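Novice: kindly generate the corresponding structure for this input.
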Amino acid sequence: MIDLKLTEEQLDELHKEASGNPCPRARKRCWVVYLKGKGYAHREIADVVRVDEDTVTEYVRKYRDGGLPGLLAEHYRKGEGQLDAHAERLKKVFENRPPHTLNQAIEGIERETGVRLKHSACRAFLRKLGMKCRRCGWVPGKALDDEKQLQAQQEFHDNKLQPRLEEAKQGRRTMLFVDAAHFVMGAFLGMRWCFVRQWLPSSCGRKRYNVLAAYDPIRQEAVTLTNDTVVNQVTFCALLDKIARCYAGTGLSITLILDNARDQKCQSVFDKATALGIELFYLPAYSPNLNLIERLWRFVKKQVLYSTHYDTFATFKESIDACLRDLGTRFKSKMQTLMTMNFQLFSKTENCTA
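Specialist: Down below sits the predicted model:
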């Protein structure tokens, strides 16, 4: 039996670590030695702390030989993972064909190395490689298939978009991103935390709410025109008039970034923009990644439509209108995070074929 006599100061140190050390193993070791210092027998300590008597002896000996630092020191030796030697090869395999599920990753690792992992070990190994489970994004396939198209995106971004964005940030220009969204009243399915699977009623018919908008990333507000009929060159010219009224008196040049939709690229639109002094910049074909407002449409759907049923078309429209009205107030912090003026540019190597 090891004889151990402790001072009140030593007991206080042990009690402090036993109560507040973030490591549960360290706390248990400190309780063992503390009780030993209080005069308890090894058998009693083992019964209270729920370890065997040999473990009690080991902990007491560690404290006797190394004091509190020796007792708290971790001596576990982390062995080399059995897949470390295959890490680079597996990384290349998963870069070429990312697995959809952990089961696919487990099968792929076993096929390449002969080692079969459990789910928890496979998850830890994938994270060790630098992988995360991420939702796939989309980009028009023609944009990735055509080198000239990729180059056109890059040139538009560097020579037209970024210079004018810098002027907008400096308060020398108004920059607006324009697009139309067509919200069909129906079931927008999404994820929910729930005890049982939820079923969302789907509305009958195909009532559609059209929103033609111009988003200002500096003000974090949108100028909108809405209807439940059609978006055409007449409605687009009306939007140009509304934009001119909203920014009248600022003395700033107005630039619109928009896609090549037919109703936005016709003579009447050109004439109206010229008369109002508004500059129109059309994106290269298949370039939704360069139009900031595309993120806004995803936000609106997620915020007010996913997993939500509306009894009437009127409440459906009002929910969308309310969300757009509150962009600069209620949703201001979210807009600051989401609508950053950074744009994803693609290369053919990023195309996922899995």
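
Novice: in three-state terms, label residue 211 for me.
Specialist: For residue 211, the reduced secondary structure class is strand; criterion used: DSSP: H, G, I helix; E, B strand; the rest coil.

Novice: contact partners for the closest residue to residue 238 other than its chain neighbours?
Specialist: Sequence neighbours aside, residue 225 is the residue nearest to residue 238 in space, at 5.8 Å (criterion: CB to CB, 6 or more residues apart in numbering). Every C-beta, even on glycine, is put in place using the N, C-alpha and C of the backbone. Residue 225 makes contact with 211-213, 235, 238-239, 242 under the criterion CB atoms under 8 Å, 6 or more residues apart in numbering.

Novice: what distance do you get for the nearest residue to residue 200 once chain neighbours are set aside to residue 102?
Specialist: Nearest-residue entry for residue 200: residue 187, 4.7 Å, with adjacent residues in sequence omitted and distances by CB to CB, 6+ apart. Remark: distance between residue 187 and residue 102 (CB to CB, to the nearest Å) = 30 Å.

Novice: and residue 54, what element?
Specialist: helix 53-72 (DSSP states H and E).

Novice: other SSEs contacting that helix?
Specialist: helix 8-20, helix 24-37, helix 42-49 (3 or more CB pairs under 8 Å, 6 or more residues apart in numbering; DSSP states H and E).

Novice: which neighbouring elements make contact with the longest one?
Specialist: Contact here means 3+ CB pairs under 8 Å, 6+ apart; on that basis helix 24-37 packs against helix 8-20, helix 42-49, helix 53-72.

Novice: what's the closest of the helices and strands packed on helix 53-72 to residue 206?
Specialist: Minimum separation from residue 206 across these (CB to CB) falls at helix 24-37, 58.8 Å.

Novice: domain ranges for this structure?
Specialist: 8-72, 84-128, 143-350 (automatic domain parsing).

Novice: TSV for those, including distance to residue 137 and mean pLDDT?
Specialist: TSV is the format used below for those (distance: least, CB to CB, whole Å; pLDDT from 0 to 100):
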stretch	distance to residue 137	mean pLDDT
domain 8-72	39	91
domain 84-128	13	91
domain 143-350	8	89
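
Novice: could those domains be laid out in TSV, adding distance to residue 135?
Specialist: TSV is the format used below for the domains of the chain (distance: least, CB to CB, whole Å):
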stretch	distance to residue 135
domain 8-72	34
domain 84-128	12
domain 143-350	11
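
Novice: tell me where this structure has strands.
Specialist: 173-184, 208-216, 221-227, 253-258, 278-282 (DSSP state E).

Novice: out of the ones you listed, the one nearest residue 288 is which?
Specialist: With CB to CB as the criterion, residue 288 lies closest to strand 173-184 of the strands of the chain, at 8.6 Å.

Novice: what residues of that closest one count as buried?
Specialist: Neighbour-count burial for strand 173-184, counted by 16 or more other CB atoms under 10 Å, picks out 173-181, 183.

Novice: can you check stretch 253-270 too?
Specialist: 253-259, 261, 263-264, 269.

Novice: hmm, back to that, wait, which of the buried residues of strand 173-184 is closest to residue 53?
Specialist: Sorting those by distance to residue 53 puts residue 183 at the head of the list, at 71.2 Å, by CB to CB.

Novice: could you report the neighbour count for residue 289?
Specialist: A count of neighbours around residue 289, defined by other CB atoms under 10 Å, yields 20.

Novice: ok, what's across the strand from the residue nearest to residue 238?
Specialist: Beta-bridge partners of residue 225, counted by DSSP bridges, are residue 212.

Novice: how close does it get to residue 290?
Specialist: For residue 225, the distance to residue 290 - CB to CB - is 23 Å.

Novice: and residue 269, by the same measure?
Specialist: Separation of residue 269 from residue 290 (CB to CB) stands at 20 Å.

Novice: kindly report the same for residue 233.
Specialist: For residue 233, the distance to residue 290 - CB to CB - is 23 Å.

Novice: how about residue 275?
Specialist: 27 Å.

Novice: when those two are compared, which one has more neighbours?
Specialist: residue 290 (19 against 12).

Novice: right, and the more buried one touches residue 343 too?
Specialist: Yes. With contact taken as CB atoms under 8 Å, residue 290 and residue 343 are classed as touching, separated by 5.4 Å.

Novice: overlap in contacts, these two.
Specialist: Between them, residue 290 and residue 343 share these contacting residues under CB under 8 Å, 6+ apart: 157, 161.

Novice: circling back: of all the helices and strands packed on helix 24-37, which one is nearest residue 337?
Specialist: Between residue 337 and the helices and strands packed on helix 24-37, the shortest gap by CB to CB is with helix 8-20, which sits at 36.3 Å.

Novice: tell me the angle the closest one makes with helix 53-72.
Specialist: Between helix 8-20 and helix 53-72, the angle formed by their directions is 100 degrees, by axes from the mean of the first three to the mean of the last three CA atoms, to 10 degrees.

Novice: shift numbering so it begins at 639
Specialist: In the new count, where the first residue is 639, that last one comes out as helix 646-658.

Novice: returning to that earlier point: switch the strands of the chain over to CSV; also include distance to residue 830.
Specialist: CSV is the format used below for the strands of the chain (distance: least, CB to CB, whole Å):
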stretch, distance to residue 830
strand 811-822, 20
strand 846-854, 23
strand 859-865, 27
strand 891-896, 35
strand 916-920, 40
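
Novice: appreciated, that's everything.
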